[in-house]
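Enquirer: Show me how the following folds:
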Amino acid sequence: MKRSNIMDEEAVSPVVGVMLMLVVTIIIAAIVAGFSGGVVGSEKSAPQSSFVVGYNAQITDTDKTNAQADSPKTNNGLTFRLVSGDTVSLDNIMIELQSGADSIKFTTDTILNTSAGAVEENNKVKIIKSGENPTYFAVLPNMDEVIAIGDSFMLLADGSYDSTLATDPSIAKGRFLTWSPEGSSGVFKVKQNVAFDYAIYDTVSNKIIQSGTVTIQ
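Expert: Next up is the predicted model:
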């Protein structure tokens, strides 16, 4: 009888071991699944918003032989009208422009360069500010940073010039809108009748909302 008991104990032990392994496996699987679900669930999405992109480009110049802004028209730039989808806040928007190999990015932390005198507030334009500093974003006077369906905002250009009569081979001929934010080391420009790329990003999720091309005519 003693021997029989020993044999029974030896026969039960492997079964218990297998059951313990199964329990541990199930627990680990549950932990991994919960962690994965938490990661997926916490991933942020960009607003589902659709914009119609246009421009305001009145490019005039008194001296068309150089690449300088001589008495430029004010408040040129790109326009963005929200036509469908989610409301967005300009505080959570980044706009990137790319022309050829050159690119530039704008947020409400990008400080507007006002030295060329190409931007001014009036009864149609209110410049969004970061603290006391003007930014490149502008809206209608009765609006704020929140853009709802039907609302529009502008990405202001801080300069423009017409060099169509340039004779210096180092100066590209054409009509241009320009951007040179405070603290930047160069000038970004787009040429009339030449397509360039734009992208609108949500800075909360770091994902793109919309992208496309624009041609100023």
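Enquirer: Now V139: phi and psi?
Expert: When read as degrees, to the nearest 10, the backbone of V139 gives phi -140, psi 180.
Enquirer: Helix, strand, or coil at the closest residue to it other than its chain neighbours?
Expert: Nearest-residue entry for V139: F153, 5.0 Å, with adjacent residues in sequence omitted and distances by Cβ to Cβ, 6 or more residues apart in numbering. Glycine gets a C-beta too; all of them are placed from N, C-alpha and C. Three-state assignment for F153 (DSSP: H, G, I helix; E, B strand; the rest coil): strand.
Enquirer: Show the contacting residues for F153.
Expert: Residues near F153 by Cβ atoms under 8 Å, 6 or more residues apart in numbering: 79-80, 90, 128, 137-139, 143, 147.
Enquirer: top of the residues you listed by neighbour count?
Expert: Comparing these by number of neighbours (other Cβ atoms under 10 Å), F137 comes first, having 27 neighbours.
Enquirer: what number of residues lie near N113?
Expert: N113 is flanked by 20 other residues according to other Cβ under 10 Å.
Enquirer: That one and N92, how far apart?
Expert: The spacing between N113 and N92, counted by Cβ to Cβ, to the nearest Å, is 23 Å.
Enquirer: about what we covered before: bridged to the residue nearest to V139, which residues?
Expert: Listed beta-bridge partners, F153: F80 (assigned using DSSP bridges).
Enquirer: Please enumerate the helices of the protein.
Expert: 2-42 (DSSP state H).
Enquirer: Same list, the contacts of F153, but as CSV with distance to N122 and pLDDT please.
Expert: Shown next, in CSV, are those (distance: Cβ to Cβ, whole Å; pLDDT from 0 to 100):
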residue, distance to N122, pLDDT
T79, 16, 98
F80, 20, 99
L90, 19, 98
I128, 15, 97
F137, 16, 98
A138, 10, 98
V139, 13, 98
M143, 14, 96
I147, 20, 98
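Enquirer: ok, so of the residues you listed, who is nearest S45?
Expert: Distances from S45 to the contacts of F153, taken as Cβ to Cβ, are shortest for I147 (17.8 Å).
Enquirer: got the contact list for the residue nearest to N56 when sequence neighbours are not counted?
Expert: Excluding the flanking residues, the one nearest N56 by Cβ to Cβ, 6+ apart is N76, at 5.5 Å. N76 makes contact with 55-59, 118, 156-157, 160, 177 under the criterion Cβ under 8 Å, 6+ apart.
Enquirer: Isn't I171 up against D63?
Expert: No: I171 lies out of contact with D63 (Cβ atoms under 8 Å); the separation is 11.5 Å.
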